[in-house]
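> Next input, structure requested:
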Amino acid sequence: MSDYCSLPDQLTWTETSPGNRRAVLSHRPEIMLVAFSFDEGAIGALHSHPHTQVSYVAKGVFEVTVDGVTTTLPAGSSFIVEPNLVHGVVALEDGLLIDTFTPRRDDFL
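Below you'll find the predicted structure:
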């Protein structure tokens, strides 16, 4: 990854749990863009973090839970998670989320 661009063949995918993997697309200290790939039935476990997160459903259908409210979101949808709110997802089919975090998630580097 250069300072300004990333290319698909240069991405490093990291398995995060069975059926889930992530790749950091771009980042600066104040912002980060990350792709999360999910196999059908894979779970992004409920968790929280001090970052603001905005997620775009690029592919598939996800059951998304934010602060105890669950919504089914198809491709083309998005959701936002305020800092420290408990959230997670279940992939109802193979899918891809594109997440933005501010500030950067240093634990992903």
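
> Contacts for stretch 52-66, please.
35, 38, 46, 70-83, 85-102 (C-beta atoms under 8 Å, 6 or more residues apart in numbering). No exception for glycine: its C-beta is placed from N, CA and C like everyone else's.

> Quick one: mean pLDDT for stretch 61-72?
Confidence over stretch 61-72, taken as the mean pLDDT, stands at 98.

> ok, back up a step: which members of the contacts of stretch 52-66 occur in helices, if any?
Where these are compared with helices, as defined by DSSP state H, there is no overlap at all.

> from those residues, which would you call buried?
In terms of neighbour count (16 or more other C-beta atoms under 10 Å), the buried residues within the contacts of stretch 52-66 are 35, 38, 73, 79, 81, 85, 87-92, 95-101.

> Do you know the pLDDT at the residue nearest the centre of the chain?
When the chain is reduced to its mean C-alpha position, the closest residue under C-alpha atoms, centre = their mean turns out to be residue 99, at 4.1 Å. Listed pLDDT for residue 99 reads 98.

> Surely it is in contact with residue 44?
No: Residue 99 is not in contact with residue 44 according to C-beta atoms under 8 Å; the separation is 10.0 Å.

> Please enumerate the shared neighbours of these two.
Both residue 99 and residue 44 are contacted by residue 36, under the criterion C-beta under 8 Å, 6+ apart.
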